[in-house]
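J.: what's the 3D shape of this:
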Amino acid sequence: MKQIKLDVNNYIYDVYIEENETLLYVLREKLNLTGAKIGCNSGSCGACKALIDGVDRKTCKALAKDFEGKKIVTIEGFADGDKLHPIQKSFIEVGAVQCGYCTPGMIITTQGLLNRNQSPNEDEIREAFKGNLCRCTGYVKIIEAVKLSARKLGGK
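T.: Residues are numbered from 1 along each chain as shown. Predicted structure coming up:
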């Protein structure tokens, strides 16, 4: 067992981990941050995403020990108390949340995309979401939510 410090949602956690524990496992089971979901557990569905230094990353295959010194943001770090983040509001406004299981990963992917490109076109949005699986929608509403988020956050 090894002790590491993880910066998650602007809070420093001292956590004991095993060498083979994934970041997803540590977030969910040791820090009780359950917004990142266990989907495929093989890196295919994107339900486990978190922002790592501003980049959306899948956490189910990533070892927790590799994230010491990185800034990690989970879906729990988006809202400010009862005030939702503009991306969260956009997903609700356009109806891009159905069962909700994939929604945290979709929101994380949206932020990661907008960190790279403030005004993505539809092809760029579709490309960014290739690693996210939603079984409920045809992605139309999700794409609308990303476009609305971009506008709200200063893009086009």
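
J.: which residues touch the residue most central in space within the chain?
T.: Closest to where the C-alpha atoms of the chain average out (Cα atoms, centre = their mean) is residue 108, at 2.8 Å. Counting by Cβ atoms under 8 Å, 6 or more residues apart in numbering, residue 108 touches 49, 50, 51, 56, 73, 74, 75. Bear in mind the C-beta positions are built from the backbone N, C-alpha and C, glycine included.

J.: out of these, which one sits closest to residue 84?
T.: Nearest to residue 84 among these: residue 75, at 11.1 Å, using Cβ to Cβ.

J.: I'd guessed the closest one sits against residue 34; true?
T.: No: if you go by Cβ atoms under 8 Å, residue 75 and residue 34 don't touch, sitting 9.4 Å apart.

J.: so for these two, which sits in the more crowded spot?
T.: residue 75 (24 against 14; other Cβ atoms under 10 Å).

J.: over to the more buried one: give its phi and psi.
T.: Phi and psi for residue 75, reported as degrees, to the nearest 10, are phi -60, psi -30.

J.: gap between it and residue 16?
T.: Distance, residue 75 to residue 16, by Cβ to Cβ, to the nearest Å: 24 Å.

J.: identify the residue spatially nearest to the residue nearest to the centre of the chain, adjacent ones excluded.
T.: Leaving aside its chain neighbours, residue 108 sits nearest to residue 49 (4.1 Å; criterion: Cβ to Cβ, 6 or more residues apart in numbering).

J.: pLDDT score for the one you found?
T.: Residue 49 carries a pLDDT value of 98.

J.: repeat that for residue 72.
T.: At residue 72, pLDDT is 98.

J.: residue contacts, it?
T.: So residue 72 contacts 6, 7, 8, 9, 23, 27, 50, 51, 52 (Cβ under 8 Å, 6+ apart).

J.: give me the ChimeraX select line for those residues, limited to the buried ones.
T.: The ChimeraX selection below is limited to those of the contacts of residue 72 classed as buried (16 or more other Cβ atoms under 10 Å):
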select :6,7,8,9,23,27,50,51,52
